[in-house]
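Asks: Got a predicted structure plus its sequence, pasted below:
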Amino acid sequence: MVFGLSKNSYYKEEQKRIRDSIKGPLLELVLWHLPHLQPSESAQQDSWEMIAIKLNNRNFDLSVGTDHQDEMPTLNGGFIKGIYDDLMKKFVGNIRAGIEIMAQLSKERLEKEYRHLQHSINEPTPLDERTKTRSYSDSKNQLDQLKEKLELEKLKRYQEELEKKAKRVEFLDNENKRLLELNHELVLQLQGSDH
């Protein structure tokens, strides 16, 4: 025992340090290479080894110039896969608990809405036939007014677009005249210099 710590606890501490330092980049590389979705076992192992190599290179780049440069362990694909599997187990466990809570809350909210809807359906409404007819004609008038308003708005937009295009045509026409005059002057200058 060194400094009151057993060899086993140092090993666990070192693994935890490695795990904490690589879990972000590990998840990024797994999402990029998707080793667990490779078609064969050997392709999966190759993908995990490639991820381990990239993580080793990253760790080496980060440790250059530090006191810990010689202490960096070399990671292998099996170790990396184990870390990823542990992270996924924790993630899935947390998600399941959250999903169960969300499902219970959704169920309670749905039941409350259903009871409210059921109550409103069973409650008699004081609408007689005249009220229904008046309500229908009011809705139809509102719909007609809305359609008319939309048509006027559409016409207004078309008018604005037409005015823009007319201004553009006028601008292009003036520009064309100016260029023709310049062209004519250039032709006259060239003819004058030929004589």
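Replies: Yep, it's here.
Asks: ok, so what distance separates the most centrally placed residue in the chain from residue 25?
Replies: Nearest to the mean C-alpha position of the chain, counting by C-alpha atoms, centre = their mean, stands residue 31 at 15.5 Å. Distance, residue 31 to residue 25, by C-beta to C-beta, to the nearest Å: 11 Å. C-beta coordinates here come from the backbone N, C-alpha and C atoms, glycine included.
Asks: can you check residue 15 too?
Replies: 17 Å.
Asks: Next SSE downstream of the lowest-mean-pLDDT helix or strand in the chain?
Replies: Among the helices and strands of the chain, helix 77-122 carries the lowest confidence by mean pLDDT, DSSP states H and E, at a mean of 79. Sequence order places helix 129-194 as the next helix or strand after helix 77-122, per DSSP states H and E.
Asks: Remind me what that next one packs against, helices and strands.
Replies: Judged by 3 or more C-beta pairs under 8 Å, 6 or more residues apart in numbering; DSSP states H and E, helix 129-194 is in contact with no other helix or strand.
Asks: Is my assumption valid that the residue nearest to the centre of the chain occupies a position in a helix?
Replies: Yes - assessed by DSSP: H, G, I helix; E, B strand; the rest coil, residue 31 belongs to a helix.
Asks: That's all I had, so thanks and see you.
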